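S.K.: here is the input, now give the coordinates:
(chains A and B)
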2 protein chains.
Amino acid sequence: MPTVPEAPPVVVRDALIVTQDAERRVIRGDVRFEAGRFRSVGGTAATEGAEIVDGRDLAVLPGLINAHQHVAMSILRGVADDVDLSGFLERLFAVDARRTEADVETGALAGIAEMLLSGTTSFLDLYYYEDAVARACERLGIRGFLGWAVLDPEMTTQSGRPIDNAAAFIDRWTGHPLVTPLVAPQGVYVCGEGTWLAARRLAESKRTLCHYHLSETRKEVHEHEAKTGRRPPLWLEEIGFLGPGQVAAHGVWLTNREIAVLAERHVGVAHCPSSNAKLATGGVAPVVELRAAGVTVGLGTDSAASNNSLSLLREMHVAGLLQKNHRWDAGALTAQELLDLVTVEGAKLLGRSADLGSIEVGKSADLSLVRLDHPTMGPARAEAVVSHLAYSASEEAIDSVYVGGAPVVRERKLVREPWEGIRAAAASAAERLWIAATPLSRSHG
Amino acid sequence: MPTVPEAPPVVVRDALIVTQDAERRVIRGDVRFEAGRFRSVGGTAATEGAEIVDGRDLAVLPGLINAHQHVAMSILRGVADDVDLSGFLERLFAVDARRTEADVETGALAGIAEMLLSGTTSFLDLYYYEDAVARACERLGIRGFLGWAVLDPEMTTQSGRPIDNAAAFIDRWTGHPLVTPLVAPQGVYVCGEGTWLAARRLAESKRTLCHYHLSETRKEVHEHEAKTGRRPPLWLEEIGFLGPGQVAAHGVWLTNREIAVLAERHVGVAHCPSSNAKLATGGVAPVVELRAAGVTVGLGTDSAASNNSLSLLREMHVAGLLQKNHRWDAGALTAQELLDLVTVEGAKLLGRSADLGSIEVGKSADLSLVRLDHPTMGPARAEAVVSHLAYSASEEAIDSVYVGGAPVVRERKLVREPWEGIRAAAASAAERLWIAATPLSRSHG
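M.R.: Reported below is the predicted structural model:
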């Protein structure tokens, strides 16, 4: 089992620290981290043996957490735009049939590169061939919370039973410093009762998270209700599936009663506003109601094929705009709340509140150094920095990124592998795969 | 009257040219421009006397057109977030009282820098002290279509009568190669019939555009209807104001009858989805209906205080997401249509279709060179490049920008003035002005 390479201690001096601590303090001072963890936050830090970074024009931001992804699909960005989820899946499946495990690793590398370069240090993924994604996480240094997709055996293209594949995947990667394996039942449209309950048992026995799609589209909700007499969340409750340690992606079409059930069962939700809107899901997820009911809500980009950006900076902006406009309330999802979704709330969703999501002594040193002198971060006033992060910051303002104290991006360049090689491999895989895709339609319809 | 500095001929070789011509061709080949205009597009260009740029990893994109801005407000970004338009204006006015003409130039420089660095080469502005904005355009090399704000004399803080100020401003700048002056009645809430008609007469006599706010909020519409018995567009029609050469910003709350009147009078609309959503305007502008009725629609960011980004790359994404989701139609506003809004349609809105908005021989050489090897532009396939521009491209992918054939951005740096000086002046102005602002509220409400 490989470990994270030991990095030297670092002191960022006199920076604007967006702590995301319990008081959400934004303070000027030093940050010291070593052996993977924050050792001092604020005030003046001891500098012995440390690499010193001049922080006067930098904000220190907790590493961002992407709560829903299919990162390997990055090589398919643009293959199926301007169509709804059914049309989207139809085109994707045509390509999927030709996909190899090597293509999954290639796509994952491209997507992880884009995430690291926009300040994301942890992501929750749902896919197959997750070993390839795990290797990509190791290669570039991001934290992957990787869910092996589980569906009814007769519905899958996986070799072997998906639930067995998931179990084996979990066994291979448990205990890895960057990769956290988990089980991921795909959704009610491909998972029957037996699959859901097997996934729950697996998660319980291996003590992993369980991640799944839920109430994303009207079609999903209505077809499941027609088939079972229950809308998906109440059906999952009835079969005894729902419980803590679960993250449901989307949750657009939830009733108040369903929200209460999710809260009672301690199920978290990964909100994916851009993907939902781009696929014309039609509603706006009840984020305010979910949070008011005590449901933990994180923010996910979903894949590059349905968003099409993997930047959580952009996703915060979109999430805020949709809630404010939909609710006729400019105070819905404030800048501070948006930043919470991608930091402390994301960490809670992953069951890692004690370790991730804020700049506090003892937590893992997952952070970005953000240029306060970037045009999209001005005027660079302490009282406006959270607003700029949520509403205007361009990815280019993310200068450097550390995961577990180790540098993974420096001055806008990946540290572990050059982008050019990743890009060349992605271009070559895309060349082969795109031939299988039905032609792009740019016309209305 | 200063002129645009003469730049040497440039040939971009073997690039992916996003022509935005009538057939919306995306072709690989050379682009040559000199003396401010495109001389050859596609095929192999003559290279004599030209600076050669290797275009193999570049897309050539028409300069983007921002159809509604108050660029000087860039130093106020973050001063009034998470409040509706009334609360927003209340906070802004507290600051405005202290603003000097020098502050307007400083704010304009910061905003123009952000626009150039995201590929915008023309913008339509509505403000006062527009001479300061014009000087900022000259200094950094962007095309400014600058509307002097006109309102009833008893409502203004301008010295002198606003309509006279507008006339004098137009006289001072008419014929300038980069600055196109115009008149800008602010909106029905501060302009009576006399002001609207004086603005129309001024625009006709000086042959300028006329730019104004229209039907942005429910409050505006309802209060005007209560006062006059007519909703704003039909009242403007009744008083004989509406006509060609006009650009109405926002147009969120328009009925089908009002859309028909705008079409009949050849009034264009600047759609500002992020600003509308952030201020919780509540509806979604009827962009599809406007276009179907033959109304020209462009895309505007509005100011950095209400968006808060000035990037049209991000704005295309938001515009597409809102239309698709609101209409339950993933085919509403396709990637190609989104790119049209910020290029050919924007040019039409400005009355400059013959000169701006596409890469065609004889048109002004306003263009960006976009890195196809940037992570957010992959996979860099010709059939996906328009999708990437509309849905995923980060500003960092904009490598270089030319206006009228002259370089204004090279390798992500402003050519004419260093960003550091602009930033320092903006920080210092913000320091003084922000004291006047009421405290930021990040709480819900």
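
S.K.: which non-adjacent residue is nearest the spatially most central residue of chain A?
M.R.: Taking Cα atoms, centre = their mean as the criterion, A:Asn66 is the residue nearest the geometric centre of chain A, at 1.9 Å. Excluding the flanking residues, the one nearest A:Asn66 by Cβ to Cβ, 6 or more residues apart in numbering or on different chains is A:Phe123, at 4.0 Å. In short, each C-beta sits where N, CA and C put it, glycine included.

S.K.: roughly how far does A:Glu396 sit from A:Ser311?
M.R.: For A:Glu396, the distance to A:Ser311 (Cβ to Cβ, to the nearest Å) stands at 11 Å.

S.K.: who has more neighbours, the two?
M.R.: Neighbours per residue (other Cβ atoms under 10 Å in any protein chain shown) separate A:Glu396 from A:Ser311, with A:Ser311 holding more: 27 against 22.

S.K.: give me the nearest residue to that one, chain neighbours excluded.
M.R.: A:Ser118 (4.0 Å).

S.K.: sorry, back to before: is it true that the residue nearest to A:Asn66 lies in a strand?
M.R.: Yes - checked against DSSP: H, G, I helix; E, B strand; the rest coil, A:Phe123 lies within a strand.

S.K.: thought it was touching A:Ile65?
M.R.: Yes - counting by Cβ atoms under 8 Å, A:Phe123 touches A:Ile65, with 7.2 Å between them.

S.K.: one step back: joint contacts of A:Glu396 and A:Ser311?
M.R.: Residues touching both A:Glu396 and A:Ser311 (Cβ atoms under 8 Å, 6 or more residues apart in numbering or on different chains) are B:Ser394.

S.K.: so how many other residues sit close to the residue nearest to A:Ser311?
M.R.: 30.

S.K.: who are the neighbours in contact with it?
M.R.: Per Cβ under 8 Å, 6+ apart, neighbours of A:Ser118: A:64, A:310-314, A:395, A:398, B:394.

S.K.: helices of the stretch 1-150 of chain A, start to end?
M.R.: Under the criterion DSSP state H, counting those that start in this stretch, the stretch 1-150 of chain A contains helices at A:85-96, A:101-116, A:130-140.

S.K.: so what does the residue nearest to A:Thr296 when sequence neighbours are not counted have for phi and psi?
M.R.: Of all residues not flanking A:Thr296 in the chain, A:Gly268 sits nearest, at 4.1 Å (Cβ to Cβ, 6+ apart). With angles defined as degrees, to the nearest 10, A:Gly268 sits at phi -90, psi 170.

S.K.: quick check: bridge partners of A:Gly268?
M.R.: A:Val247 (DSSP bridges).

S.K.: give me the pLDDT for the residue lying closest to A:Phe169 once chain neighbours are set aside.
M.R.: If the residues on either side of it in the chain are set aside, A:Phe169 comes closest to A:Trp148, at 4.5 Å by Cβ to Cβ, 6+ apart. pLDDT recorded at A:Trp148 is 98.

S.K.: between A:Phe123 and A:Ile65, who's got more neighbours?
M.R.: Higher neighbour count among A:Phe123 and A:Ile65: A:Ile65, with 31 against 28, using other Cβ under 10 Å.

S.K.: go ahead and confirm that one touches A:Ala347.
M.R.: Yes - counting by Cβ under 8 Å, A:Ala347 is a contact partner of A:Ile65 at 6.2 Å.

S.K.: tell me which parts of the stretch 51-200 of chain A are close to chain B?
M.R.: A:74-75, A:77-79, A:81-84, A:87-88, A:110, A:113-114, A:117-118 (Cβ under 8 Å from any Cβ of the partner chain).

S.K.: scan the residues you listed and report the most crowded one.
M.R.: A:Arg77 (32 neighbours).

S.K.: what's the pLDDT at that one?
M.R.: 94.

S.K.: so what does it look like in phi/psi?
M.R.: phi -60, psi 130.

S.K.: ok, now how distant is it from A:Val409?
M.R.: Distance from A:Arg77 to A:Val409, by Cβ to Cβ: 21 Å.

S.K.: same thing with A:Leu356?
M.R.: In terms of Cβ to Cβ, A:Leu356 sits 18 Å off from A:Val409.

S.K.: looking at those two, which is more packed in?
M.R.: A:Val409 (25 against 22).

S.K.: list the buried residues for the helix or strand where that one lies?
M.R.: Assigning secondary structure by DSSP states H and E places A:Val409 in strand A:406-410. Along strand A:406-410, these residues count as buried under the neighbour rule (16 or more other Cβ atoms under 10 Å in any protein chain shown): A:406-409.

S.K.: now, which of these sits nearest chain B?
M.R.: A:Val409 (11.4 Å; Cβ to the nearest Cβ).
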